[in-house]
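Here is my input; please provide its structure:
(one chain, ligands or ions: 2)
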Amino acid sequence: MTRIESLLSSLQPGVGYLIVTPVNRRYLTGFPSSLGYLLLGGGEALLFMDGRYFEAASKAAAPPVSVVQTKQLSEQLAEAAGRMGLSTVFTETEITVRTLEELRRLLPGRQVEASQSLTDRLEDMRTVKTPDEAQFIQRAQGMAEAAFLDILNMIRPGVAEADIALELDYRMRKAGAEDLAFETIAVAGANASLPHGVPGAYKVQAGDFVVMDFGAVCGGYRSDMTRTVAVGYADEEMRRVYDTVLAAQEAALAVLRPGLSCAEGDRAARSVIEKAGYGDCFSHSTGHGVGLEIHEKPNLSGRSQAVLEAGQVVTVEPGIYLPGKCGVRIEDMVYLTAEGCENLTKAPKELLIV
Ligand code: ZN
Ligand code: ZN
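Ligands and ions are numbered 1, 2, ... in the order given. From the prediction side, this is the model:
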């Protein structure tokens, strides 16, 4: 059963889904488009595409999807909803208030609501990756790693954070990335104590840690990795911090498997950092799912009730941040298999001094 068929088969008579977000539209149809509507109901799946996408979408579409060229959208939607016998149409909760109002105007006389259960259902479907999806993520990861290994020799005293970030971006694109998975982070010295710092004019100095967090996109799927390197030398405290983060990460990687709760996964890493006395310096959750979006379910957090499932791709990214001094984060991505997890990140993790 295709993803769309499983959604169609669960719909009550009179109820339809209107998929509006690009990421879910792509996930369900396999066709990327920045604008369009996927209407599901009455056993039918209609993909409304404007003239820019119509031809390509028609070629790419597979049953049960029929592609309709958008002309008079309000008439076309109303006609289709009438034929499907829809009195209620649910859409995703990520849409804006303006879009919801627009949809209500397009479908007069029908109840149009943003539905948390539809959103949850799509997110739950997306969290478990097929081998093909995992392959795209793995390929994106390969591009990011190639870029990382390429730029190591440019990190030296006097180079600005922003230039390191730019070089990573360029090398990822050169390696075949269709886009960047998110805005690259390259922060050094005291700036590295900000987990999501913005690369700026600061010039790297000897004795700095440089934290680089970056990812590529392949086939729509994203990768996510972080490496931290020391410039020139690492003093005793820097080594202690680095070794602690690495031990925390290895501890989580050793236990991740289907059936483990996300909270337990988070605890495995966090307890190592707490025991070393840096508990207050690890201010974010241990990891997150990755896929068509950079942050997906599950959330590897102490507050999560979720349990890991085979097929999920999650990051493991503990960090220690010492305000005004330095920061270290090490992030790998793993694919949960039947028995445990496969690490999709191959780049070295021992402390690199460049
Ligand atoms: Zn990251
Ligand atoms: Zn991440």
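
Look up the residues forming beta bridges with Tyr40.
You called it Tyr, but residue 40 is Leu. Tyr17, Ala45 (DSSP bridges).

Contacts only, for it.
When contacts are counted by Cβ atoms under 8 Å, 6 or more residues apart in numbering, Leu40 touches Ile4, Leu7, Leu8, Leu11, Gly16, Tyr17, Leu18, Ile19. From N, CA and C alone the C-beta is placed, and that goes for glycine too.

got the residues you listed as CSV, with distance to ligand 1 and neighbour count columns?
Output for the contacts of Leu40, formatted as CSV (distance: Cβ to the ion, whole Å; neighbours: other Cβ atoms under 10 Å):
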residue, distance to ligand 1, neighbour count
Ile4, 32, 21
Leu7, 31, 21
Leu8, 36, 19
Leu11, 37, 17
Gly16, 37, 26
Tyr17, 32, 26
Leu18, 33, 24
Ile19, 28, 26
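
Nearest to ligand 2 among the residues you listed?
Ile19 (26.3 Å; Cβ to the ion).

Now the closest one. Its backbone dihedrals?
phi -90, psi 120 (degrees, to the nearest 10).

how about the residues of the stretch 151-300 of the chain near ligand 1?
Asp213, Asp224, Thr226 (Cβ under 5 Å from the ion).

pLDDT wise, what is the second one at?
This means Asp224. At Asp224, the model reports a pLDDT of 98.

Could you count how many residues lie near it?
Neighbour count for Asp224, taken as other Cβ atoms under 10 Å: 29.

Quick check: it touching Ala181?
Yes - applying Cβ atoms under 8 Å as the test, Asp224 and Ala181 come out as touching, 6.2 Å apart.

Can you pull the residues that touch both of these two?
What both Asp224 and Ala181 touch, as defined by Cβ under 8 Å, 6+ apart, is the set Gly215, Ile294.

what comes up buried for stretch 24-35?
Neighbour counts over stretch 24-35 (16 or more other Cβ atoms under 10 Å) mark Asn24, Arg25, Arg26, Tyr27, Leu28, Thr29, Gly30, Phe31, Pro32, Ser33 as buried.

now swap in stretch 166-175 and tell me
Glu167, Leu168, Asp169, Arg171, Met172, Ala175.

do stretch 78-98 as well
Buried-residue list, stretch 78-98, by 16+ other Cβ under 10 Å: Ala78, Ala80, Ala81, Met84, Leu86, Val89, Phe90, Thr91, Glu92, Ile95.

average pLDDT for that stretch?
For stretch 78-98, the mean confidence score works out to 96.

Can you check the distance spanned by it, start to finish?
19 Å (Cα to Cα, to the nearest Å).

any idea how far the most centrally placed residue in the chain lies from Ala347?
Closest residue to the average C-alpha location of the chain: Ile294 at 1.7 Å, with Cα atoms, centre = their mean. Ile294 sits at a distance of 19 Å from Ala347 (criterion: Cβ to Cβ, to the nearest Å).

what's the answer for Ala276, then?
24 Å.

for Thr2, same thing?
Counting by Cβ to Cβ - Thr2 and Ala347 are separated by 36 Å.

Which residue ranges of the stretch 151-300 of the chain form strands?
179-180, 185-188, 209-214, 216-218, 221-222, 225-230, 287-289, 296-300 (DSSP state E, counting those that start in this stretch).

Verify the stated contact: Gln141 with Ser223.
Yes - judged on Cβ under 8 Å, Gln141 makes contact with Ser223 at a distance of 4.0 Å.
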